[in-house]
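*Asks:* Could you look at this predicted model? Sequence included:
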Amino acid sequence: MSVNNLRCKECSAEFELDAHYYCDRCFGPLEVRYDFSGLDPESARRRIQAGPDSIWRYSDFLPFGQPVRDALQPGLSPLVRADRLAERLGTGAEIFIKNEAANPTHSFKDRVVAVALAKAQELGYTTVACASTGNLANAVAAHAAAAGLESYVFVPSNLEEQKLLATDIYGTHLVGVKGNYDDVNRLCTQLADEKPWAFVNVNLRPYYSEGSKTLAFEAVEQLGWNLPDRVVAPVASGSLFTKIARGFEEWIEVGLVDGALPAFHGAQAAGCSPVATAFAEGSRVCRPQKPDTIAKSLAIGDPADGPYAVARATETGGSIDAVDDEEIRAGIRLLAETTGIFTETAGGVTVGVLRKLAERGELRDGEKVVVYITGEGLKTLDANRDSFSLTEIAPDPAGFEAAFGQEVHV
Ligand SMILES: Cc1ncc(COP(=O)(O)O)c(C=O)c1O
């Protein structure tokens, strides 16, 4: 068992492994600490390869002392080589798409929720909750249903209809708050002080965020136990981005993979870009913004892990860029046309930023670039509604001939 305790990211004060998320001394955020000194990399690799086809193959690197039960088994999503995308971008880099739409509720949030709910059950909670921009709500509702837990999910009431429907179906208490995500988050922080509930991204945040490390572990395994040279990933609160980096770092530290951290490139929507703005200003301070973007899943104006995301991008020679709504729509279409993968708006943001990196000449020939596509296009259908086209024809060969100018001989 490698998991040790919780530690403050700012002042290093240590705390027990319970539902605690901020430091009593300096109010800094807490994170899970491990002691990997007794871990032999060769036997760890064998345990991983013999493990389940899900995130639980990485149990040595997750915050549990015992095996956990998890009905939905997220993870091991495909890593697909995208040569035609690279060609369209005019780059000689090898582009790989990590397709997180292949998870049980079609986003990477299944990973973080599986970890948080396992911890909630270990700590004896019977009700779970979250503040969500949509995908987290989907995942909490589904995983709670699978585990037989009661759930309350809080979302901005103006979310995409597909995300609301795909959440309510699991029999959760779906609460639409009249406000933006930052209002929802503030309310949930107040409720977390009051209610005996496990809020996955409030009082269980240190555990929840650990789930995103598995996105680094899988990429290494799927690249034949090699590190990529670059990664491109979306940034909302910054948790996903920073924990992918932590995942690579842990495996380098324990000797499961050789090399240096990849360059980390973050992607935000221009209509909600506090982290990209801080990066551009050379500052770690992410001044809060009021979101106005079609990428609602990334619409967090006051990002908890923003300063740490800026630090990761800076220290790895990466960047954090923002793209506007038109670039997001174009990114969704470009990915679909070249790979057959239909992503939600967050993926459009990520591909939009990938395109910017290619245009700036930052992708070098032969280097491996992993692009994290974190959610499913069917959840944000409205984003591309205006560019949708249907060729309507009469139900006979002449109708087809007239529309497409191709002769049909019948
Ligand atoms: C599809 C998708 N991608 C990326 C993110 C960003 O996650 P984080 O808040 O960890 O930065 C979210 C957050 O909700 C999301 O729904």
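*Replies:* Right, received. Where do you want to start?
*Asks:* Could I get the pLDDT score of the nearest residue to V32 once chain neighbours are set aside?
*Replies:* Distances taken as CB to CB, 6 or more residues apart in numbering put P63 closest to V32, at 4.6 Å, once the chain neighbours are dropped. (C-beta placed from N, C-alpha, C; glycine too.) On pLDDT, P63 comes in at 97.
*Asks:* And P63, how far from the ligand?
*Replies:* The gap separating P63 from the ligand is 17 Å, by CB to the nearest ligand atom, to the nearest Å.
*Asks:* Am I right that that residue sits in a helix?
*Replies:* No. With DSSP: H, G, I helix; E, B strand; the rest coil as the criterion, P63 is coil rather than part of a helix.
*Asks:* Ramachandran coordinates for it?
*Replies:* The phi/psi pair for P63 (degrees, to the nearest 10) reads phi -80, psi 50.
*Asks:* That one: neighbour count?
*Replies:* 23 (other CB atoms under 10 Å).
*Asks:* The one 10 residues further on now?
*Replies:* For Q73, the neighbour count with other CB under 10 Å is 16.
*Asks:* To which secondary structure element is it assigned?
*Replies:* Per DSSP states H and E: Q73 is located in neither a helix nor a strand.
*Asks:* Need the nearest residue in space to it, chain neighbours excluded.
*Replies:* Of all residues not flanking Q73 in the chain, S54 sits nearest, at 3.9 Å (CB to CB, 6+ apart).
*Asks:* distance of that neighbour from the ligand?
*Replies:* 19 Å.
*Asks:* Name the residues that touch the helix or strand containing A278?
*Replies:* For A278, the host element (DSSP H and E) is helix 274-280. If you take CB atoms under 8 Å, 6 or more residues apart in numbering as the criterion, helix 274-280 is touched by 235, 238, 266, 268, 270, 284-289, 301-303, 306-307, 309-310, 313-314, 319-322.
*Asks:* And stretch 66-83, by the same measure?
*Replies:* Residues contacting stretch 66-83 (CB under 8 Å, 6+ apart): 52-57, 59, 94-104, 110-111, 114, 117-118, 121-122, 142-143, 146-147, 214, 218-219, 222-223, 338-339, 341, 370-371.
*Asks:* just how off-centre is that stretch within its chain?
*Replies:* 13 Å (CA atoms, centre = their mean, to the nearest Å).
*Asks:* and what of stretch 331-348?
*Replies:* Centre-to-centre, stretch 331-348 and its host chain are 16 Å apart (CA atoms, centre = their mean).
*Asks:* would you put the C-alpha positions of it in PDB?
*Replies:* Output in PDB follows, covering the C-alpha atoms of stretch 331-348 (Å, rounded to 0.1, in the frame of the first residue of the first chain):
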ATOM      1  CA  GLY A 331     -12.300  22.000 -34.500                       C
ATOM      2  CA  ILE A 332     -15.300  19.700 -33.900                       C
ATOM      3  CA  ARG A 333     -15.800  19.300 -37.700                       C
ATOM      4  CA  LEU A 334     -12.100  18.800 -38.500                       C
ATOM      5  CA  LEU A 335     -11.800  16.000 -35.900                       C
ATOM      6  CA  ALA A 336     -14.900  14.300 -37.100                       C
ATOM      7  CA  GLU A 337     -13.900  14.500 -40.800                       C
ATOM      8  CA  THR A 338     -10.400  13.200 -40.300                       C
ATOM      9  CA  THR A 339     -10.800  10.600 -37.600                       C
ATOM     10  CA  GLY A 340     -14.500   9.600 -37.400                       C
ATOM     11  CA  ILE A 341     -14.600  10.900 -33.800                       C
ATOM     12  CA  PHE A 342     -17.400  13.200 -32.900                       C
ATOM     13  CA  THR A 343     -16.500  15.400 -29.900                       C
ATOM     14  CA  GLU A 344     -18.400  17.800 -27.800                       C
ATOM     15  CA  THR A 345     -17.400  21.500 -27.600                       C
ATOM     16  CA  ALA A 346     -14.500  20.800 -25.100                       C
ATOM     17  CA  GLY A 347     -12.900  18.700 -27.800                       C
ATOM     18  CA  GLY A 348     -13.500  21.400 -30.400                       C
END
